[in-house]
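Colleague: Sequence isn't available, so here's the structure alone:
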């Protein structure tokens, strides 16, 4: 444990404990090897008190998997099916809505002939039987969009119409919503946040939030801006530059009344991230320091489950099927005497 030292009148050096260091939270490796094949870009859900993992990506020159897995504890995983009826399972949008699991959009066949994006919408109550709500939603076929359940509706935000072969024109900043997954309404044609994919969307404090993202190929760009909306139509920018580096393929979550940003990837130079950040208002962000944490990775699955934050799989060079969890005590964010979060205080 690191210690600070102060010089007293007697010129003796005495250790003074840093409360931030004393309160460091470490991640726990729940399993080094889950039953499913290492992968990234999967759909992920918490449903009926279980973790769910849907499809994903193995290789750019292979069709994506169509398997469905669930777990009661992150360690033991059950295979529901290897052949779900949907096939666009690379970077799909997944969400729980109306007591069902939903999988929307996604990419199929990597860089191979016959590749395509989807605007199909599927739902399931058990992970085995899937119903097609619509083969062609109102929004254009796309992948890597934001998706949330908000005010009794499904929402799809942005995304890209082409994974490996598109350009900036393929990127979207439209906003769509639906009460049933079949009939969709375009709420905004061009939101004030710039067109993007590979971003995060969460619901926090009665608002939809859009965080980061950008484009991969052929023109890479990434952002670290944060936007929010109380109705999905009118948007406000919380910050143009959060302290976490601009990135793609990261994950976002809401846990302990805060938004979280975990991992991801940036280019120029190519770099995976293993950092974890949190914020209550989208403007002020604090990095969570840990002595034990998962290896830097991108397109991992993140869950909030059984009062913990979870990370599973992802591309950690190589692909991973690890599962990790973090337990943040409820009193972790109690304010110190000077009014600042204890964990965020400087240790210098």
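Modeller: Arrived safely, thanks for sending. All values derive from a computational prediction rather than experimental measurement.

Colleague: Only C-alpha atoms from now on, for both contacts and neighbour counts.
Modeller: OK.

Colleague: State the mean pLDDT of stretch 235-253.
Modeller: The pLDDT scores in stretch 235-253 average 98.

Colleague: Correction: the previous question concerned stretch 283-292.
Modeller: 96.

Colleague: how long is it from one end to the other?
Modeller: Chord length of stretch 283-292, first to last residue, is 27 Å (Cα to Cα, to the nearest Å).

Colleague: Just give me how far it sits from the chain centre.
Modeller: 16 Å (Cα atoms, centre = their mean, to the nearest Å).

Colleague: Could you do stretch 90-102 as well?
Modeller: On Cα atoms, centre = their mean, the centre of stretch 90-102 falls 13 Å from that of its chain.

Colleague: did I read that right, residue 101 in a strand?
Modeller: Yes - counting by DSSP: H, G, I helix; E, B strand; the rest coil, residue 101 falls inside a strand.

Colleague: For it, give me its contacts.
Modeller: 45, 47, 94, 95, 123, 124, 125, 127 (Cα atoms under 8 Å, 6 or more residues apart in numbering).

Colleague: Now which of these would you call buried?
Modeller: The neighbour count (16 or more other Cα atoms under 10 Å) marks 45, 47, 94, 95, 123, 124, 125, 127 as buried among these.

Colleague: one step back: reformat the contacts of residue 101 into TSV and put distance to residue 33 next to each item.
Modeller: Compiled in TSV, the contacts of residue 101 are given as follows (distance: Cα to Cα, whole Å):
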residue	distance to residue 33
45	19
47	22
94	24
95	25
123	28
124	27
125	27
127	22
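
Colleague: who touches residue 222 in this structure?
Modeller: 212, 213, 214, 215, 246, 247, 248, 266.

Colleague: Pull up the gap between it and residue 332, please.
Modeller: 32 Å.

Colleague: In space, not sequence, find me the middle residue of the chain.
Modeller: residue 251 (2.1 Å; Cα atoms, centre = their mean).

Colleague: The residue nearest to that one when sequence neighbours are not counted: how many residues sit nearby?
Modeller: The spatial neighbour of residue 251 that comes closest, neighbours along the chain excluded (Cα to Cα, 6 or more residues apart in numbering), is residue 262 at 5.4 Å. Neighbour count for residue 262, taken as other Cα atoms under 10 Å: 24.

Colleague: Please apply the same query to residue 49.
Modeller: 12.

Colleague: Spit out the contact partners of it.
Modeller: Shown in contact with residue 49 (Cα under 8 Å, 6+ apart): 72, 305, 306.

Colleague: Residue 169 in helix, strand or coil?
Modeller: Residue 169 ends up helix, using three-state DSSP.

Colleague: roughly how far apart are it and residue 72?
Modeller: Taken as Cα to Cα, the span from residue 169 to residue 72 is 42 Å.

Colleague: Equivalent analysis for residue 306, please.
Modeller: To residue 72, residue 306 is 10 Å away according to Cα to Cα.

Colleague: quick one: low-confidence ranges for the chain?
Modeller: Per-residue confidence for the chain (pLDDT under 70) gives these ranges: 1-22, 335-348.

Colleague: at 90 instead, please
Modeller: 1-24, 167-168, 331, 333-348 (pLDDT under 90).

Colleague: Okay, and the beta partners of residue 237?
Modeller: Taking DSSP bridges as the rule, residue 237 bridges to residue 227.

Colleague: burial count for it?
Modeller: 16.

Colleague: Pretty sure the residue nearest to the centre of the chain sits against residue 202.
Modeller: No - between residue 251 and residue 202 there is no contact, the gap being 9.9 Å when judged by Cα atoms under 8 Å.

Colleague: Now list whatever residues contact both of those two.
Modeller: Shared contacts of residue 251 and residue 202 (Cα under 8 Å, 6+ apart): none.

Colleague: surely residue 246 meets residue 215?
Modeller: No - using Cα under 8 Å as the test, residue 246 is too far from residue 215 to be in contact (11.3 Å).

Colleague: circling back: of the contacts of residue 101, which belong to strands?
Modeller: Residues of these located in strands (DSSP state E): 45, 47, 94, 95, 123, 124.

Colleague: Could you single out the nearest of the residues you listed to residue 275?
Modeller: residue 45 (22.1 Å; Cα to Cα).

Colleague: how about the strands in the stretch 151-300 of the chain?
Modeller: Taking DSSP state E, counting those that start in this stretch as the test, the strands found in the stretch 151-300 of the chain are 153-160, 171-178, 185-188, 200-204, 207-215, 221-229, 236-239, 251-255, 258-266, 271-279, 286-287.

Colleague: can you redo those as JSON lines with distance to residue 109?
Modeller: Listed next are those as JSON lines, based on distance: least, Cα to Cα, whole Å:
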{"stretch": "strand 153-160", "distance to residue 109": "16"}
{"stretch": "strand 171-178", "distance to residue 109": "20"}
{"stretch": "strand 185-188", "distance to residue 109": "28"}
{"stretch": "strand 200-204", "distance to residue 109": "24"}
{"stretch": "strand 207-215", "distance to residue 109": "19"}
{"stretch": "strand 221-229", "distance to residue 109": "24"}
{"stretch": "strand 236-239", "distance to residue 109": "36"}
{"stretch": "strand 251-255", "distance to residue 109": "23"}
{"stretch": "strand 258-266", "distance to residue 109": "22"}
{"stretch": "strand 271-279", "distance to residue 109": "24"}
{"stretch": "strand 286-287", "distance to residue 109": "37"}
